[in-house]
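**Q** below are the sequence and a predicted model; questions follow.
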Amino acid sequence: MSDPAAATTAQVQARFVTKQAKYAVPDVPILVPVNLRRYGLSEIVNHLLRLSPAVPFQFLLRGELLQGSLDDYLQAHPDLSTEDVLEVEYMESMAPPHKVSENTVDDWISDVKINARGLVLVGSYDGYARLYDAACQNVYTVEAHKSSIKSVAWLKPPLWSADGTDHMFVTGAQDCTIMGWKATGPTTADNDTPYKGVPLFECRGHLGSIETLSVNSTRPVMASGSSDGLIKLWSTKVSGTDANEEESSAEGEDDGGYTEHFDVPDAKRRRVAGRRLPLKQALGSLTGHNGCVNAVRFSATDGRYLYSGGYDYALRLWDAENRVNVTTKPGDRVILDLDHSARANLVATGNTDRLIRLWDCRVDAAAIVKLTLASHQAWVPSVRWSATSAYMLASASHDGTLKLWDIRSPTAALYTVDPSRATESEDGSESGPKKKKKLLTVDWVDGVLASGGEEGVLRLTAAKY
């Protein structure tokens, strides 16, 4: 029978390596106790580098994030023993997320999107679209629809003005319509000027609620998914026929093979705020889903392609230009949201069984679902990849929490944040009593998480990797 005391003093040879040159240590194996966890290993690296103040590190063994002790890892990998030399890769740890600011909205928040200039676009169940600045101050509000907004999206930057004052976006609602908007903010020389907004266009064609929107980053096209089971494609070009409307900088650009439809009789154009709006017809429809389409997202690597998911459990990849369903990956749960990572070339889906699934959607991929992330306790209606890392992912759940994941550690979230209590903890645990207010949406841009849901509070959380 082994001696427990001996086990605590067992050692293993470890060779510490890093891709961060400024933190490199001599490439020489050293003996370390097998009971060391991340903190103890971090102390060793800090000692070798003589760092002051100390820098926290994360550790990888065979590409897997170390969650327990070295001994735990050895026990889980029978092909390794204390006789082997372990290659331990380390990198600077992500700082714990912390609350930046918050603001109350009058109803449930259905969707949030952050643009490159730090403005947060919020859609809510009262039919209003709102813009908030980086301090979470409301700078613009418009009654975009008479029914609940389900999805919002920023139009791509070429449609913004050169001086940075114009911000264009779209809203989709339960009234089956999509509306385009322009909000003009103050110049840097006159920061007290209030935002002013005008409607740009209206899109009609769906027979059900607009559940999701995605704007193509390389082409003047957007996609919508609806409870009618259809995906429709729309031009995002802004008509120049209205004398009160400035010509869009996107006019005349390559439409990537899509055909524009602006020729709608004036009789069919309704007036909003005294303006006769262009009524857009869909460029085309993508058919194949059986049931509500909850999520559409253009590929982050090639704007020709579009991913979609919904109530039929299937994740589909479309050639949107040619209206062809390229691949269909069958699933076993409803897909509530999805996002595509250009760096990882993986699609993450939030599902109704509390899991996040990572899909490899290459046609020749052997496995359908590459990985599952398990830690949430309820539906996961929103997922968002980090734009700067192939491994970092954020999720929002009906369990009331945000989670930050390093996908190299699929069994536990890197951090769990209860936004309403501004608390966070490592390894997926939570502090304080569990909150029951559902989170419905999260976005992650430039180290800032924006989130909202049933509580009707927009919260900004710093999460820099």
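**A** Sure thing, it's come through. Note that the structure is predicted; figures quoted are calculated from it, not measured. Numbers count the residues shown, from 1 in each chain.
**Q** low pLDDT regions in the stretch 201-350 of the chain?
**A** Within the stretch 201-350 of the chain, the segments meeting pLDDT under 70 span 240-275.
**Q** in it, which spans are strands?
**A** 210-215, 221-226, 231-235, 271-272, 275-276, 279-280, 284-286, 293-298, 305-310, 315-319, 324-329, 335-341, 346-351 (DSSP state E, counting those that start in this stretch).
**Q** what strands line up against the second one, and which way round?
**A** Paired neighbours of strand 221-226 in the sheet (DSSP bridges): strand 210-215 (antiparallel), strand 231-235 (antiparallel).
**Q** quick check: bridge partners of the residue positioned nearest the centre of the chain?
**A** With distances taken as CA atoms, centre = their mean, the residue of the chain nearest its centroid is residue 384 (1.8 Å). Per DSSP bridges, the residues bridged to residue 384 are residue 394.
**Q** quick check: domain ranges of this structure?
**A** Domains of the chain are assigned by automatic domain parsing as 11-92, 98-462.
**Q** quick one: low-confidence ranges for the stretch 51-200 of the chain?
**A** Ranges of the stretch 51-200 of the chain meeting pLDDT under 70: 157-164, 187-191.
**Q** can you add mean neighbour count and give the strands of the stretch 201-350 of the chain back as a markdown table?
**A** (Each C-beta comes from the backbone N, C-alpha and C, glycine too.) Listed next are the strands of the stretch 201-350 of the chain as a markdown table, based on neighbours: other CB atoms under 10 Å:
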| stretch | mean neighbour count |
| --- | --- |
| strand 210-215 | 25 |
| strand 221-226 | 27 |
| strand 231-235 | 25 |
| strand 271-272 | 14 |
| strand 275-276 | 14 |
| strand 279-280 | 22 |
| strand 284-286 | 18 |
| strand 293-298 | 26 |
| strand 305-310 | 26 |
| strand 315-319 | 22 |
| strand 324-329 | 15 |
| strand 335-341 | 24 |
| strand 346-351 | 26 |
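**Q** pipe the ones you listed into CSV and attach distance to residue 47 per row.
**A** Below are those laid out as CSV (distance: least, CB to CB, whole Å):
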stretch, distance to residue 47
strand 210-215, 49
strand 221-226, 53
strand 231-235, 56
strand 271-272, 66
strand 275-276, 67
strand 279-280, 64
strand 284-286, 58
strand 293-298, 45
strand 305-310, 47
strand 315-319, 47
strand 324-329, 48
strand 335-341, 36
strand 346-351, 37
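**Q** the residue nearest to residue 61 when sequence neighbours are not counted in helix, strand or coil?
**A** Nearest non-adjacent residue to residue 61, counting by CB to CB, 6 or more residues apart in numbering: residue 73, 5.7 Å away. Secondary structure, DSSP: H, G, I helix; E, B strand; the rest coil: residue 73 is helix.
**Q** identify the residues contacting residue 73.
**A** Counting by CB atoms under 8 Å, 6 or more residues apart in numbering, residue 73 makes contact with 61, 64, 66, 80.
**Q** please check these and keep the buried ones.
**A** Buried members of those, scored by 16 or more other CB atoms under 10 Å, are 61, 66, 80.
**Q** can you tell me which of those is nearest residue 123?
**A** Closest to residue 123 out of those is residue 66 (40.1 Å), distances taken as CB to CB.
**Q** tell me how far the nearest residue to the closest one once chain neighbours are set aside lies from residue 285.
**A** Sequence neighbours aside, residue 59 is the residue nearest to residue 66 in space, at 4.3 Å (criterion: CB to CB, 6+ apart). Separation of residue 59 from residue 285 (CB to CB, to the nearest Å): 50 Å.
**Q** next one: residue 330
**A** 22 Å.
**Q** check residue 218 too.
**A** Counting by CB to CB, the gap from residue 218 to residue 285 is 21 Å.
**Q** sheet-wise, list the partners of the host helix or strand of the residue nearest to residue 66 with their directions.
**A** Of the helices and strands defined by DSSP states H and E, residue 59 is found in strand 57-61. According to DSSP bridges, strand 57-61 has the following sheet partners: strand 64-65 (antiparallel), strand 85-92 (antiparallel).
**Q** coming back round to it: for the residue nearest to the centre of the chain, what are its contacts?
**A** By CB under 8 Å, 6+ apart, the neighbours of residue 384 are 339, 393, 394, 395, 442, 443, 444.
**Q** residues contacting residue 201?
**A** By CB under 8 Å, 6+ apart, residue 201 lies in contact with 179, 180, 238, 239, 277, 278, 279, 280.
**Q** against residue 360, how distant is the closest residue to residue 330 other than its chain neighbours?
**A** Take residue 330 and drop its neighbours on the chain: the residue closest to it by CB to CB, 6+ apart is residue 314, 5.6 Å away. From residue 314 across to residue 360, the span is 15 Å (CB to CB).
**Q** mind listing the helices for this protein?
**A** 4-9, 38-49, 70-76 (DSSP state H).
**Q** of the ones you listed, which is nearest residue 167?
**A** By CB to CB (comparing all of the helices of the chain), the closest turns out to be helix 38-49, at 42.1 Å.
**Q** who are the packing partners of the closest one?
**A** With contacts taken as 3 or more CB pairs under 8 Å, 6 or more residues apart in numbering; DSSP states H and E, helix 38-49 sits against strand 11-17, strand 30-33, strand 57-61, strand 85-92.
**Q** deepest-packed of the ones you listed, please.
**A** Counting by mean count of other CB atoms under 10 Å, strand 57-61 has the highest mean neighbour count of these, with a mean of 21.
**Q** helix 38-49 and that strand, what's the angle between them?
**A** Put simply, strand 57-61 runs at 110 degrees to helix 38-49, going by axes from the mean of the first three to the mean of the last three CA atoms, to 10 degrees.
**Q** contacts made by strand 57-61 with the rest, please.
**A** Residues contacting strand 57-61 (CB under 8 Å, 6+ apart): 23, 38, 41-42, 45-46, 65-66, 73, 86-94, 406, 408.
**Q** which residues are in contact with the residue lying closest to residue 126 once chain neighbours are set aside?
**A** Once flanking residues are discounted, residue 126 sits nearest to residue 107: 3.8 Å by CB to CB, 6+ apart. By CB under 8 Å, 6+ apart, the contact list for residue 107 reads 124, 125, 126, 128, 456.
**Q** any quick ChimeraX command for the buried ones out of those residues?
**A** ChimeraX command restricting the contacts of residue 107 to the buried ones, with burial defined by 16+ other CB under 10 Å:
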select :124,125,126,128,456
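**Q** for the residue nearest to residue 330, grab phi and psi.
**A** Recorded main-chain torsions at residue 314 are phi -90, psi 140, according to degrees, to the nearest 10.
**Q** just to revisit the earlier point, which of the strands of the stretch 201-350 of the chain sits closest to residue 373?
**A** The closest of the strands of the stretch 201-350 of the chain to residue 373 is strand 346-351. By CB to CB, the value is 8.2 Å.
**Q** report the distance from that closest one to the chain centre.
**A** Centroid separation for strand 346-351 versus its chain: 10 Å, with CA atoms, centre = their mean, to the nearest Å.
**Q** including distance to residue 140, could the helices and strands packed on helix 38-49 go into JSON lines?
**A** What follows is the helices and strands packed on helix 38-49, written out as JSON lines (distance: least, CB to CB, whole Å):
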{"stretch": "strand 11-17", "distance to residue 140": "50"}
{"stretch": "strand 30-33", "distance to residue 140": "56"}
{"stretch": "strand 57-61", "distance to residue 140": "40"}
{"stretch": "strand 85-92", "distance to residue 140": "38"}
